[in-house]
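# Just need the structure, nothing else, for what follows:
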Amino acid sequence: MLGAAAVALAYRSYGWAGVAVVVTALVMWALLHFNRMLQVLKRAANRPIGSVASAVMLNAKLRPGVTLLHVVAMTRALGELRTEQEVQPEVYRWTDNTQSHVTCEFTGGKLRKWALWRPDPTRIAP
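Numbering: from 1, shown residues only. Below you'll find the model as predicted:
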């Protein structure tokens, strides 16, 4: 809607030259975001699904309202989907090598809440 309004305003103010400038700017903006998304997914393709270097550090970096793409960029891995596809809210999990994990809940692609779980350090593994 905002793009269409900008094109209409550019046409009214500057004619076809204004439309050309606004359409060029909108295409450039779309290409920048598409390129960023491809770079994030390219980096995530080289890591196992649901892995993260440190779940504690991920927990410290998370903020409400960040997008799933931003979290994937931080972890450099796709999250392990814990709910059925196309069901809201979406729940993803990232686990580190100490078996600590962060479980994130996304609604509409935005982070709503998350929880860090750490194994009991007093329990000795066999």
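# what's the longest helix in this structure?
In the chain, ranked by residue count with DSSP state H as the criterion, the top helix is helix 16-44.
# what is the rounded mean pLDDT of that one?
The predicted model gives helix 16-44 an average pLDDT of 95.
# Repeat that for stretch 53-73.
When pLDDT is averaged over stretch 53-73, the result is 95.
# Quick check: the nearest residue to Arg43 once chain neighbours are set aside vs Arg82, distance?
Taking C-beta to C-beta, 6 or more residues apart in numbering as the measure, Arg43 lies nearest to Arg76, with 5.0 Å between them; neighbours along the chain are not counted. All C-beta spots, glycine's among them, are computed from the backbone N, C-alpha and C. Here the criterion is C-beta to C-beta, to the nearest Å. By it, Arg76 lies 19 Å from Arg82.
# buried stuff in the longest helix of the chain?
Of the residues in helix 16-44, those scored as buried under the neighbour-count criterion (16 or more other C-beta atoms under 10 Å) are 18-19, 22, 40, 44.
# Work out for me the element the residue nearest the centre of the chain sits within.
Here the mean C-alpha position of the chain is nearest to the C-alpha of Leu69 (C-alpha atoms, centre = their mean), at a distance of 1.6 Å. When elements are assigned from DSSP states H and E, Leu69 belongs to helix 68-75.
# Please point out which parts of that helix sit buried.
Counting neighbours by 16+ other C-beta under 10 Å, one finds that the buried residues in helix 68-75 are 68, 70-75.
# what bridges to Leu81?
With DSSP bridges applied, Leu81 shows beta-bridge pairing to Tyr92.
# From Phe106, how far out is it?
10 Å.
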